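Peer 1: Curious how this folds, go ahead:
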Amino acid sequence: MATNPGSIRLFSRGSRLLLTGLLMAAPAALLPSDSRAQSRPDTRVDVVKIGGSSTVFPIVEQSIRSFQQGGRNSDVRIELKETGTSAGFRQFCSGAIPLANASRPINSKELQACKARDITFIELPIAFDAITVAVHPSNTWAKQITTAELRRLWNRQAQGRVMRWSQVNKSWPDKPIKLCGPGEDSGTFDYFNQAINGSPDNSRQDYTASEDDNVLVRCVANNPNALGYFGYAYYAANRNKLKALSVAGPRGTAAPSVNNVQQEKYVPLSRPLFLYVNDKELRKDDDLRRFLTFTVQNGLKFVEQVRFVPLPGDTYRLVEAKLYRHVLGTAFGGNLPVGQSINQTLRLSLDSVRRPGIRNIPAGTPQAPLR
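Peer 2: Numbers count the residues shown, from 1 in each chain. Predicted coordinates:
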């Protein structure tokens, strides 16, 4: 089927979203100060390739749609694939893609892979998420679940042993339990298992696994005895097909919601989401630079539109400043920030932008303190 300029073609996991649109001028405040780089005729590539997290996918997808809305940017080709955070980092650190979506920070192994290929990058927080534990709407016995019960159900020792609802909680029925969860290439898999089981790789393997959250939604929605976990936006878009469980954690019992994440009540399953961009590619590719600038400048709007948890509004200005200043590296040292508050996570990620002496922002560029 032919695709008209400006149209969108959506395929299943592992395939691509191909968009075409006309180049728009990015605000000068966020472009490199080297005017020669902006005027060179060879500062474009055929396709801007983006890969990684299926959780972050809807945010970037919404940005691409808006970037080309109304026939704009018809000569910019963007290829977006959802492969999972870990797979995205493998591509990113091999130089195969210049922009990676991630539902966790880059880890120490990936840092070494990037270093080996001399790939420097900028780490840009874009949103927060609530990993949502969901069951079928007909489930009448489970309304909340404790972190201890989640650990009993999902840790490595549960494989082949904890197979029924009554084994998780004695008051629940003696029915088989169907489990649905992210695959090992998913950042959600890493973060959930670190938060619940104490290690990113401490997970049972006998469950329906996929890096595509839509597959997990269907897995839970189609089985009255199912339980699964995935990104909050996928639950929010399918509320009529799913029931979310409140999680009893170290700060009390809270349901997954925007307010509970922002008020730091949904612990330990709230987490930051990121974009990672190859700095060398950013400096030489006009299309990548303009699209990423557009995404970060409109991040609050896009995150709200796809039902994720936005950063504080003025914080996006600091993310813009981090992009403009080319502040390189990760703020997390290869570790997952499980248990950190939103303020702690943002301060860690953005404190370098506030330090003097790192490429001063031109006068007039908006800035604001962290909340």
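Peer 1: What is the distance between whichever strand or helix holds residue 289 and the centre of its chain?
Peer 2: Element membership of residue 289, judged by DSSP states H and E, is helix 286-297. Per CA atoms, centre = their mean, to the nearest Å, the displacement of helix 286-297 from the mean C-alpha position of its chain is 17 Å.
Peer 1: any idea where the helices of the stretch 1-150 of the chain begin and end?
Peer 2: Along the stretch 1-150 of the chain, counting by DSSP state H, counting those that start in this stretch, helices occupy 35-39, 57-67, 85-93, 108-116, 147-154.
Peer 1: Not counting its own residues, what contacts the next helix or strand after the helix holding residue 289?
Peer 2: Sequence-wise, the next helix or strand downstream of helix 286-297 (DSSP H and E) is helix 299-305. The contact list for helix 299-305 (CB atoms under 8 Å, 6 or more residues apart in numbering) reads 59, 62-63, 66, 126-127, 295, 309-311, 313, 316, 319. Every C-beta, even on glycine, is put in place using the N, C-alpha and C of the backbone.
Peer 1: Averaged pLDDT, helix 299-305. What do you get?
Peer 2: Average pLDDT, helix 299-305: 94.
Peer 1: tell me which residues in it are buried?
Peer 2: Neighbour counts over helix 299-305 (16 or more other CB atoms under 10 Å) mark 299-300, 302-303 as buried.
Peer 1: Next, the angle helix 286-297 makes with the helix or strand that that helix is followed by.
Peer 2: Moving toward the C-terminus from helix 299-305, the next helix or strand (DSSP H and E) is helix 315-325. On the basis of axes from the mean of the first three to the mean of the last three CA atoms, to 10 degrees, helix 315-325 is oriented at 160 degrees to helix 286-297.
Peer 1: Now helix 315-325: average pLDDT?
Peer 2: Across helix 315-325, the average pLDDT comes to 91.
Peer 1: one step back: show me which of the contacts of helix 299-305 are buried.
Peer 2: In the contacts of helix 299-305, burial by neighbour count holds for 59, 62-63, 66, 126-127, 295, 309-311, 316, 319, counting by 16+ other CB under 10 Å.
Peer 1: what about residue 94, neighbour count?
Peer 2: 13 (other CB atoms under 10 Å).
Peer 1: and it, what is it in contact with?
Peer 2: Counting by CB under 8 Å, 6+ apart, residue 94 makes contact with 113, 117.
Peer 1: same question, residue 206
Peer 2: Residues near residue 206 by CB under 8 Å, 6+ apart: 159-160, 179.
Peer 1: Likewise for residue 344?
Peer 2: residue 337.
Peer 1: Can you check what pLDDT the model gives it?
Peer 2: 82.
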